[in-house]
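> For reference, the sequence and a predicted model appear below.
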Amino acid sequence: MAPAYAFLGIGTEYSAPNEDLIVYLSPVTRKSTFVFDQTLANEGMFGVAPAVYDEDGNIIEEGENINSEFGVLLTSGFKKEIFTNVNLDNEVSIYSDYLNKFGNVDVDWQLNLNLVVNDFIKANIGSHLRYDDDVKVKKDTNNDGELETLGSRVQLKQLLGVGLVYEF
């Protein structure tokens, strides 16, 4: 669990009459980020407080494992059969922290096409885009073996799955 995210909030949800669209707004939300890999926590990754070192580089105090934020959360889900046996599934979650850089938005967006080829074969094509300002990229920019912490970047994951289905 490096990282794991938990949201706890109070809000309201709208569901379209045909249940294809669901929108949830929570203006009072606590976002907790858990980093249980102590090496990453000591580096201060994913927004947790980093370890405190002495002048010799020894750890005086370990990095924290939990980062809590308070802000607003908006999520939306849309599901629709766009062609026969082709279903579109779109989920987006947008979060902004009230206390730290309000207006700076964390985005988690998943877009999937679920395909039913026949009774035995199903396929999935998808993408997952994520941006979180607390997630900093480290890179060796000078080719000297030392990693430098750079700014936040957009993360993109693509997905292709083909499965065999047998019901008994």
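Looks like it came in fine.
> need the strands for the protein, in chain order.
For the chain, the strands defined by DSSP state E cover 4-15, 21-34, 52-53, 59-61, 66-83, 86-97, 105-116, 121-131, 136-139, 148-152, 155-164.
> May I see those strands arranged in TSV, with distance to residue 41 as well?
In this view, the C-beta of every residue, glycine as well, is placed from N, C-alpha and C. As requested, the strands of the chain are exported to TSV (distance: least, CB to CB, whole Å):
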stretch	distance to residue 41
strand 4-15	12
strand 21-34	10
strand 52-53	12
strand 59-61	11
strand 66-83	9
strand 86-97	20
strand 105-116	19
strand 121-131	20
strand 136-139	14
strand 148-152	15
strand 155-164	20
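> closest one to residue 46 among those strands?
Closest approach to residue 46 among the strands of the chain is made by strand 21-34 (5.2 Å; CB to CB).
> Paired strands for that closest one, with orientation please.
Strand 21-34 has its sheet partners listed here by DSSP bridges as strand 4-15 (antiparallel), strand 66-83 (antiparallel).
> can you give me the angle the first one makes with strand 86-97?
With axes from the mean of the first three to the mean of the last three CA atoms, to 10 degrees as the criterion, the two stretches strand 4-15 and strand 86-97 enclose an angle of 110 degrees.
> Quick check: buried residues in strand 4-15?
Neighbour-count burial for strand 4-15 flags 5, 9 (criterion: 16 or more other CB atoms under 10 Å).
> Just want the angle from it to strand 105-116.
Put simply, strand 4-15 runs at 70 degrees to strand 105-116, going by the same axes, to 10 degrees.
> hey, C-alpha coordinates of strand 4-15 in CSV?
The C-alpha coordinates for strand 4-15 follow below in CSV (Å, rounded to 0.1, in the frame of the first residue of the first chain):
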residue,chain,number,x,y,z
ALA,A,4,-3.4,3.9,-0.7
TYR,A,5,-6.2,6.5,-0.7
ALA,A,6,-9.3,6.8,1.5
PHE,A,7,-12.0,9.4,1.2
LEU,A,8,-14.5,10.2,3.9
GLY,A,9,-17.1,12.9,3.3
ILE,A,10,-20.6,14.3,3.4
GLY,A,11,-22.3,15.1,0.2
THR,A,12,-25.1,14.5,-2.2
GLU,A,13,-25.6,12.2,-5.2
TYR,A,14,-27.6,12.6,-8.4
SER,A,15,-28.6,9.6,-10.4
